[in-house]
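Undergrad: Just the structure for this:
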Amino acid sequence: MRIRRSVKSFFGAIVAPAIAIAVAAYFGYYALNGPRGYIALQQVDGQLSAEQTRLAALQSENARLKHRIDLLQPGHVDPDLVEELARGQLLSSAPNQIAVPRDRR
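TA: Purely as a prediction, here's the structure:
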């Protein structure tokens, strides 16, 4: 009888809180250092901001290219853009080659 009480009191006084502390420490550790913990959240936030910056740059480049495509649509072609593209194609044929544009007559 006495042994039973001493086991209950020992379990209640030492083992149960030790188990609770171990479980809390386990979950606390993974809340900070786990794959989805606080430290991983900080890293993901840094990556997210870098990718958002990259996305903004790509969207502005996409808008610029869409504008250039709109300038080449049939029916309302921009002559300046056509001339720019033609000069780029004709004057950059080979390295170390010099091209002299002719005057229009």
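Undergrad: Helix or strand next in line after the helix or strand of the chain with the lowest mean pLDDT, which one?
TA: Ranked by mean pLDDT, DSSP states H and E, the weakest helix or strand in the chain is helix 2-10, scoring a mean of 69. Sequence order places helix 16-33 as the next helix or strand after helix 2-10, per DSSP states H and E.
Undergrad: Would you mark the buried spots in that following helix?
TA: Using 16 or more other CB atoms under 10 Å as the test for burial, helix 16-33 gives no buried residues. Just so you know, the C-beta spots here come from the backbone N, C-alpha and C atoms, and that holds for glycine as well.
Undergrad: Tell me the first helix or strand C-terminal of that helix.
TA: helix 38-71.
Undergrad: how far is that next one from where the chain is centred?
TA: Mean-position distance between helix 38-71 and its chain equals 8 Å (CA atoms, centre = their mean, to the nearest Å).
Undergrad: between it and helix 16-33, how big is the angle?
TA: 30 degrees (axes from the mean of the first three to the mean of the last three CA atoms, to 10 degrees).
Undergrad: So for helix 38-71, mean pLDDT?
TA: Across helix 38-71, pLDDT averages out at 94.
Undergrad: Give me the helices and strands touching it, please.
TA: helix 16-33 (3 or more CB pairs under 8 Å, 6 or more residues apart in numbering; DSSP states H and E).
Undergrad: So for the protein, which residue is the most central one in space?
TA: Centroid-nearest residue in the chain, with CA atoms, centre = their mean: residue 51, separated by 2.8 Å.
Undergrad: what about that one, distance to residue 71?
TA: Distance, residue 51 to residue 71, using CB to CB, to the nearest Å: 30 Å.
Undergrad: what does residue 54 give?
TA: Counting by CB to CB, the gap from residue 54 to residue 71 is 26 Å.
Undergrad: mind checking how far the closest residue to residue 30 other than its chain neighbours is from residue 73?
TA: Nearest residue to residue 30, sequence neighbours excluded (CB to CB, 6 or more residues apart in numbering): residue 37, at 6.0 Å. Using CB to CB, residue 37 is found at 52 Å from residue 73.
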